[in-house]
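Engineer: Task: produce atomic coordinates for the following.
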Amino acid sequence: MAQESNFFFRLLIIICLCLTAYSTYTAHKTKQKLDSFIEESRARQEDSKALYGIGTTVPKITFGTSGGNNTTPMRQDNGTIVTRNRAETARTPQERVHQSPEAETKEPAKVARTASRAVPSAKVRINDRYVEGKTYLPEGKFTEKGTVTVAIYVDFLGTVSKTEISSATIQDEDVQYACREAALKTRFSLDVHAGHDNLLKGTILYEFK
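Structural biologist: Numbering: from 1, shown residues only. Take a look at the predicted model:
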């Protein structure tokens, strides 16, 4: 009877050791898969930024003179930023011929004193997730008032993988670009049950008033 008890006791110990080893192996394989997917997700995010032209800081739009230069940033089709004299964009060639240099330098300064600044705010709408940290706001000096709604696609890690303009009353491309860049910086809670390839769609409403 004692021998049988010892046998069953040893068998129980062996079974426990086998279960512990199997659990350790399963956890290790799961961690390897998770690490691999995180790297792939980061790579997809970098590709998405390159595809949509996101990731570079938008120059702030300023009205007035700086060191004798009065320029404004303009975006070309290839995504690069160029500067053009504001006086040239605001007047026809005939008007520029008859306009004195003194008037060209003083007029933008007058606009800067009278223009009112629009302050942005954000409202996030997404199911089963919450913002971690803070909701980033567009950076820059804005004067036009209105709204820009950005559609966001969030992976299971809480990273915004892709953005697009859903609707907007402000048609300025620089403002829309700044809103999409702010949306990419916002982080959401982790959801391990969402699936590796599933992207949860939501929106961020940016209001300038």
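
Engineer: Run through the residues that contact Ile165.
Structural biologist: 148-151, 176, 179-180 (C-beta atoms under 8 Å, 6 or more residues apart in numbering). C-betas here are computed from N, CA, C, even on glycine.

Engineer: Can you verify Ser5 is assigned to a helix?
Structural biologist: Yes: under DSSP: H, G, I helix; E, B strand; the rest coil, Ser5 falls within a helix.

Engineer: How much space separates it from Leu19?
Structural biologist: 21 Å (C-beta to C-beta, to the nearest Å).

Engineer: One more: Phe208?
Structural biologist: Phe208 is 60 Å from Leu19, by C-beta to C-beta.

Engineer: could you pull out the strands for this protein?
Structural biologist: Using DSSP state E, the strands of the chain run over 71-75, 81-85, 120-125, 131-132, 146-154, 160-168, 187-188, 200-208.

Engineer: Which strands or helices does the fifth one pack on?
Structural biologist: In this structure, strand 146-154 packs against strand 160-168, helix 173-185, strand 200-208, with contacts taken as 3 or more C-beta pairs under 8 Å, 6 or more residues apart in numbering; DSSP states H and E.

Engineer: got it, and the fourth one?
Structural biologist: Helices and strands touching strand 131-132, by 3+ C-beta pairs under 8 Å, 6+ apart, are strand 187-188.

Engineer: go on, the last one?
Structural biologist: With contacts defined as 3+ C-beta pairs under 8 Å, 6+ apart, strand 200-208 has these neighbours: strand 120-125, strand 146-154, helix 173-185.

Engineer: Any chance you could list what contacts that strand?
Structural biologist: 118-129, 135, 137-138, 142, 144-155, 166, 170, 175, 179, 182-183, 186, 191, 194.

Engineer: And the fifth one, by the same measure?
Structural biologist: Taking contacts as C-beta under 8 Å, 6+ apart, the residues outside strand 146-154 that touch it are 126, 129, 160-170, 175-176, 179-180, 183, 186, 188, 199-208.

Engineer: Please repeat the previous calculation with a cut-off of 7 Å.
Structural biologist: Contact with strand 146-154 is made by 126, 129, 160-170, 175-176, 179-180, 183, 188, 199-208, as judged by C-beta atoms under 7 Å, 6 or more residues apart in numbering.

Engineer: could you list every residue that touches Phe142?
Structural biologist: Phe142 touches 117-118, 120, 175, 208, counting by C-beta under 7 Å, 6+ apart.

Engineer: For the residues you listed, please prepare JSON lines with the additional fields pLDDT, neighbour count and distance to Thr24.
Structural biologist: As requested, the contacts of Phe142 are exported to JSON lines (pLDDT from 0 to 100; neighbours: other C-beta atoms under 10 Å; distance: C-beta to C-beta, whole Å):
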{"residue": "Arg117", "pLDDT": "90", "neighbour count": "9", "distance to Thr24": "59"}
{"residue": "Ala118", "pLDDT": "92", "neighbour count": "16", "distance to Thr24": "57"}
{"residue": "Pro120", "pLDDT": "95", "neighbour count": "19", "distance to Thr24": "50"}
{"residue": "Val175", "pLDDT": "96", "neighbour count": "23", "distance to Thr24": "53"}
{"residue": "Phe208", "pLDDT": "96", "neighbour count": "20", "distance to Thr24": "54"}
